[in-house]
Structure formats: structure tokens, C-alpha cells
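# Sequence and predicted structure below; questions after.
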Amino acid sequence: MTKLSISERIINMKVSATLGMAQAAQKLKDAGVEVKVLSAGEPNFNTPSVISAVAKQSIDAGKVHYTPVRGTKNIISAMQEKFKRDQGVDYDEDQLMCTVGAKSAIMMALDAVANEGDEVIVFAPYWVSYFEQVKLARAVPVVVNCQAQNNFMPSAQELKAAITSKTKAIILNSPNNPSGGVISLEQLTQLADVLKDSSIWLISDEIYEKLLFDGHKHYSPAAINNDMYKRTILISGASKGYAMTGWRVGFVGACKEIISAMNKLQGQQTTCLPEFIQDAAAYALREDEHVRNAIKSMNDAYLERRDVCLERFKTMPQIKVFKPQGAFYIWADYSQVIKQKKLKDDIELGVKLLEEAHVAMVPGTPFGGPGSLRMSIASSMNDINQAIDHIEKWINS
């Protein structure tokens with residue numbers, strides 16, 4: 001029998017580092033080891049009960065059938081309200097769609113704009129899936145390394161230097177995973193000047209838009225000017241801000257041509273979100289008093305955890321911590337620890353911390369930040385404090 005083979009694209013694709021660490025931690029836990037898992041990129045809060053109640057009511061009403069691929073009138077109108085309120089952007093109905101998570105929205109956006117060999121610029125540190133998704137779209141990822149003094153956001157000069165005749169798109173993520181950096185209005189305006197009159201799309205991943213600290217504000221590229229409005233593919237979702245990770249709800253706003261292309265892709269890939277999930281997400285997007293209070297409560301908890309982490313890490317000068325302005329991660333440079341422990345790299349450090357200190361964090365290399373580790377603060381304060389205790393003891397052992 002002729003040997004059956006797997007696609008080379010899939011063989012060469014790396015496994016998600018965040019999911020891989022979660023699986024490794026679970027394996028230890030299954031063996032009876034108490035592990036502090038600070039690798040997950042999801043809130044440790046349950047979805048607010050008022051949102052879940054809407055889904056239950058929708059199921060009881062028999063809303064369990066296929067919907068239009070883009071979404072129901074209810075979710076589309078809620079998205080219009082949300083993007084107007086939060087991003088300051090007006091979209092017509094045919095400029096919007098809901099997707100099976102923001103991750104699939106990013107993949108479909110790349111598939112919609114990139115031809116084989118096109119270049120897509122990603123800014124490091126970047127979310128682990130961007131790099132692999134660009135390759136899956138048969139495009140070429142071009143990495144621009146960003147600096148802590150610039151909030152880990154790209155400067156106009158760095159972007160300009162990376163653009164070539166093959167550049168088709170850039171991916172911008174603010175607030176940023178893994179660093180927690182937030183782009184300023186001035187930085188965004190400067191990037192807009194670089195892109196003006198070009199044929200480059202901007203895929204704007206705004207999934208952490210609700211999670212901001214210290215008075216920082218969220219700015220969407222689509223709201224900068226008309227040129228940016230036309231070239232921006234605005235992607236957000238319900239996962240982080242509303243604690244709805246498992247519901248898998250993504251939101252997209254863009255020009256009609258892009259939405260039409262992505263709609264075609266979704267129609268062939270996943271069809272649509274269940275209507276009862278769309279109803280719950282629409283309720284969340286309209287943000288009544290109950291939802292707003294839940295968002296504030298979660299953000300207050302993240303802020304408290306962040307500040308405790310910053311204070312605790314002051315006692316460990318070997319670790320250089322970046323003060324996050326948003327999201328729910330602590331991004332830190334462990335290069336001195338790696339050198340002190342005579343380890344090869346952050347990958348080996350992550351393994352050692354898991355196996356010997358029983359703390360699960362994600363190595364920085366898959367984020368394009370070698371020498372660093374990402375700690376999630378979307379966990380209980382008790383787990384965070386115990387994890388830092390374990391890290392400190394291990395470093396000093």
C-alpha cells in the first residue's frame with residue numbers, strides 16, 4: 001500500500017506554546033503534583049450570570065438552529081453599538097460579522113488578504129499564534145522587535161524599515177499579549193502616517209481592549225482617520241473582557257470587501273455561531289449595569305494582582321519586570337537567571353520551573369522574546385503569591 005502522508009504545512013507548524021505548557025502542567029497534576037498554573041490566557045472568573053441567563057432563555061425559546069453566516073440581526077446591531085461606543089467607529093451592517101472566536105477571525109483575515117509569498121509584519125513580542133497563522137496563509141512573517149521603552153509597541157521608523165514591495169499586511173495587538181503594553185494615540189498616529197497611501201492592510205487585534213490600568217486608554221487604528229478606517233480589519237471578541245473564553249465569540253469590523261471575503265471563508269469552514277451564544281454575546285456587548293459592574297470587578301482584581309506581582313518581584317533583582325498597562329500578564333526578562341543557573345535558554349528555564357518549582361509559565365521564545373517568561377495573573381491571588389514564593393526559593397537554591 002502506498003504510504004499516506006500529512007500536509008507539509010501542518011508537519012512544519014509548531015504546536016501552540018501556551019496550550020503546550022498547559023498540557024505539560026496538567027500531566028504533572030494528574031500525577032499528583034500540586035502545580036501553580038500561571039500559563040493560561042483566560043480569566044479565572046466565570047461568565048457573569050446575567051450573560052449566561054440570556055443563553056439559557058434563548059435555548060428554551062428554541063434558538064438552536066443555523067443562522068446567517070455573518071450573524072443574526074441582534075448580534076450585528078449590538079456590534080454596531082459596541083464599536084461606536086468603544087472604538088468610536090461607525091460600521092454598516094454589511095461591514096460586520098461574528099466569528100467562532102477572535103483566533104479564527106485573524107486566520108480568515110490573513111487568508112482573505114494574503115497571497116503566497118506576501119509578507120506580513122508582526123511586532124515582537126507577539127501572540128504565539130500570529131507567526132504560525134501567517135505561515136498557514138502561505139505568507140511570510142516579518143518580525144519587528146519592539147523595545148520596552150516604547151511600551152513594546154512599534155515606532156514609525158521600525159515599521160517603515162520593515163516595509164518592502166511584498167508587504168501585504170501588518171498585525172497590531174494593543175493591549176498586547178504577552179507584554180501588556182498599550183499603544184498611545186501619538187504612536188498610532190505616527191504609524192498611520194507611514195501607512196498612508198500604501199496598499200497595506202492593518203489587522204488590529206483588540207481582544208484585550210477592556211483590560212486597562214493606570215488611566216491608559218484604548219485607541220483603535222480604525223478611528224484615526226478615513227484612510228486607516230478603510231485599511232483596518234478590526235478584530236475583538238467576548239473572551240477576555242467578558243470572561244467568555246469557552247463561548248468562542250469573535251467580532252469583526254472592516255470594509256465590505258473584506259467582510260464579504262471572510263464571510264465566504266466562514267461559510268465553508270464553520271458556518272456560524274449558535275444563535276443562543278450570539279444572543280448572550282449581544283447582551284454582553286450592550287453592557288447594562290450588571291455587565292459593567294462585572295467588568296469593573298474583574299479589572300479591579302487584575303490591577304490588585306498586578307501590583308502585588310510588581311512589589312514581590314522587587315526582591316528578585318535578577319528578574320527585570322515590565323510594568324503592564326493592560327491585559328493580564330506579567331512579562332519579564334529572566335536572562336540573568338538563565339545565566340546564573342547555567343541553562344541553555346528560556347525554554348529550558350520554563351521546563352525547570354515546571355518540574356522543580358512546580359510553576360507553569362510560558363517561555364518567551366515562542367512570543368519572539370527569547371530570555372523572557374510570561375506569567376498570567378488571571379489566577380487567584382493565593383496561587384500567584386505561592387507561585388512567586390516557589391520561583392524565589394528555586395532561584396535562590
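It's in. Keep in mind that what you see is a predicted model, and the values were worked out from it rather than measured.
# just the strands in this protein please.
For the chain, the strands identified by DSSP state E occupy 36-37, 96-100, 119-124, 140-145, 167-173, 201-205, 232-237, 249-253, 320-322, 329-333, 359-360, 362-363, 372-376, in order along the chain.
# To T72, which of those lies closest?
Evaluated with C-beta to C-beta, the strands of the chain place strand 96-100 nearest to T72, the distance being 8.6 Å. (Each C-beta comes from the backbone N, C-alpha and C, glycine too.)
# Pull the residues that contact the closest one.
With C-beta atoms under 8 Å, 6 or more residues apart in numbering as the test, strand 96-100 has contacts from 69-71, 75-76, 79-80, 83, 105, 108, 248-253, 259, 262-263, 266, 270, 273, 278, 281.
# For the strands of the chain, please prepare a markdown table with the additional fields distance to G350 and mean pLDDT.
Listed next are those as a markdown table, based on distance: least, C-beta to C-beta, whole Å; pLDDT from 0 to 100:
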| stretch | distance to G350 | mean pLDDT |
| --- | --- | --- |
| strand 36-37 | 13 | 88 |
| strand 96-100 | 30 | 97 |
| strand 119-124 | 18 | 98 |
| strand 140-145 | 20 | 98 |
| strand 167-173 | 22 | 98 |
| strand 201-205 | 24 | 98 |
| strand 232-237 | 27 | 98 |
| strand 249-253 | 29 | 98 |
| strand 320-322 | 17 | 97 |
| strand 329-333 | 12 | 97 |
| strand 359-360 | 8 | 94 |
| strand 362-363 | 4 | 94 |
| strand 372-376 | 6 | 97 |
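# To L188, which of the ones you listed lies closest?
Of all the strands of the chain, strand 167-173 sits nearest to L188, with 8.5 Å by C-beta to C-beta.
# In the sheet, which strands lie alongside the closest one, parallel or antiparallel?
Looking at strand 167-173 with DSSP bridges, its paired strands and their directions are strand 119-124 (parallel), strand 201-205 (parallel).
# now the shortest one, how far from the centre of its chain.
Computed by C-alpha atoms, centre = their mean, to the nearest Å, the separation of strand 201-205 from the middle of its chain amounts to 13 Å.
# just stretch 177-193 next, same as before
What separates the centre of stretch 177-193 from the centre of its chain is 15 Å, taken as C-alpha atoms, centre = their mean.
# Look at it and report the distance between its end residues.
25 Å (C-alpha to C-alpha, to the nearest Å).
# one step back: can you say which of the contacts of strand 96-100 are buried?
The neighbour-count test (16 or more other C-beta atoms under 10 Å) marks 69-71, 75-76, 79-80, 83, 105, 108, 248-253, 259, 262-263, 266, 273, 278, 281 as buried among those.
# for this structure, what are the low-confidence residue spans?
Where the chain drops to pLDDT under 70, the residues are 1, 17-18.
# Looking at the buried ones among the contacts of strand 96-100, which are in helices?
Secondary structure from DSSP state H places 75-76, 79-80, 105, 108, 259, 262-263, 266, 278, 281 of the buried ones among the contacts of strand 96-100 in helices.
# any chance of the residues you listed in a markdown table, with distance to G237 too?
Converted to a markdown table, these look like this (distance: C-beta to C-beta, whole Å):
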| residue | distance to G237 |
| --- | --- |
| I75 | 12 |
| I76 | 15 |
| M79 | 11 |
| Q80 | 16 |
| A105 | 7 |
| M108 | 13 |
| I259 | 16 |
| M262 | 14 |
| N263 | 17 |
| Q266 | 14 |
| Q278 | 13 |
| A281 | 9 |
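# Please identify the buried residues of the lengthiest helix in the chain?
Ranked by residue count and defined by DSSP H, the top helix of the chain is helix 289-313. Applying a neighbour-count criterion of 16+ other C-beta under 10 Å, one finds 291, 294-295, 298-299, 301-303, 305-306, 309, 312-313 buried in helix 289-313.
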